[in-house]
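In: Here's my sequence, what's the structure:
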Amino acid sequence: MGRIRSALEIALERTESIKTDKSSVGMFEARQEGKKIANLFIADPSKSLEDALKSQPKESQAGFKQGIFDVLSAQISLPVSESDLVRIDAVGKGLAFLIKDGRFTALYKQLSQLMVQYIDDTAHTEKAIRAQYAPKLQQKEDELSKRLGQEVHIDPFQDPEFVMIFNQNINALKTNYQAPLDQVKAEATRLWNEQAGN
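Out: Below is the predicted model:
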């Protein structure tokens, strides 16, 4: 009768022929470290990417930089609030460190200014929608107040009709600003790949 083998023995037999590529593991680890540093940099742009890079062994620097680039380029997005402008500036500063090209720096500066305009346009659009919808909301509040016998106030964002109108207008605004954002992202990737030899 044959011997019953454990799952571990079977797994070890099957993986016996697989060799670990140490350079791939090293590249992966360097990339993960770069991602970690990039996230720390976004949270606190006073941290030095240059010092972090210098602390890496020469053979790990390419992977480390790639990790930083991956995180920073993924952060090129429309701001949700004014506080996101700090993140956008940090991303630009980090990408300028990686992509040594004055044209990209100028392009990103224009994008930063455009994102400030986007925040202003979003606030203006919301204000205009609220003002335009105010009479209808007042009418709904009056009807509910009469029905319930007490004064009722409705938050516009709890009214499905207001939310639908708001989302339509904000989505149209986002569409207008998304194209230049995508252009900057594509240019960053192109220049990075060119520089990194990918």
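
In: all contacts plus neighbour counts: C-alpha atoms, from now on.
Out: Will do.

In: Just want the most central residue of the protein.
Out: Gln75 (3.0 Å; C-alpha atoms, centre = their mean).

In: Rounded mean pLDDT for the helix or strand where Ala172 lies, please.
Out: Counting by DSSP states H and E, the element that carries Ala172 is helix 160-196. Helix 160-196 comes out with an average pLDDT of 92.

In: Excluding covalently adjacent residues, which one is nearest to the residue nearest to the centre of the chain?
Out: Distances taken as C-alpha to C-alpha, 6 or more residues apart in numbering put Val91 closest to Gln75, at 6.9 Å, once the chain neighbours are dropped.

In: What of Lys47?
Out: Phe41 (5.7 Å).

In: For that neighbour, what is the enclosing helix or strand?
Out: When elements are assigned from DSSP H and E, Phe41 belongs to helix 22-43.

In: in the helix or strand just after that helix, what's buried?
Out: On the C-terminal side of helix 22-43, the closest following helix or strand by DSSP H and E is helix 49-54. For helix 49-54, the neighbour count (16 or more other C-alpha atoms under 10 Å) marks 49, 53 as buried.

In: Same question for stretch 156-173.
Out: Within stretch 156-173, the residues that count as buried by 16+ other C-alpha under 10 Å are 162, 166, 169-170.

In: Surely Leu144 is in contact with Leu137?
Out: No - checked against C-alpha atoms under 8 Å, the pair Leu144 and Leu137 is beyond contact range at 10.6 Å.

In: higher neighbour count, the two?
Out: Neighbour totals were compared for Leu144 and Leu137, and Leu137 leads with 20 against 16 (other C-alpha atoms under 10 Å).

In: If anything else comes up later, I'll come back, but that's it for now.
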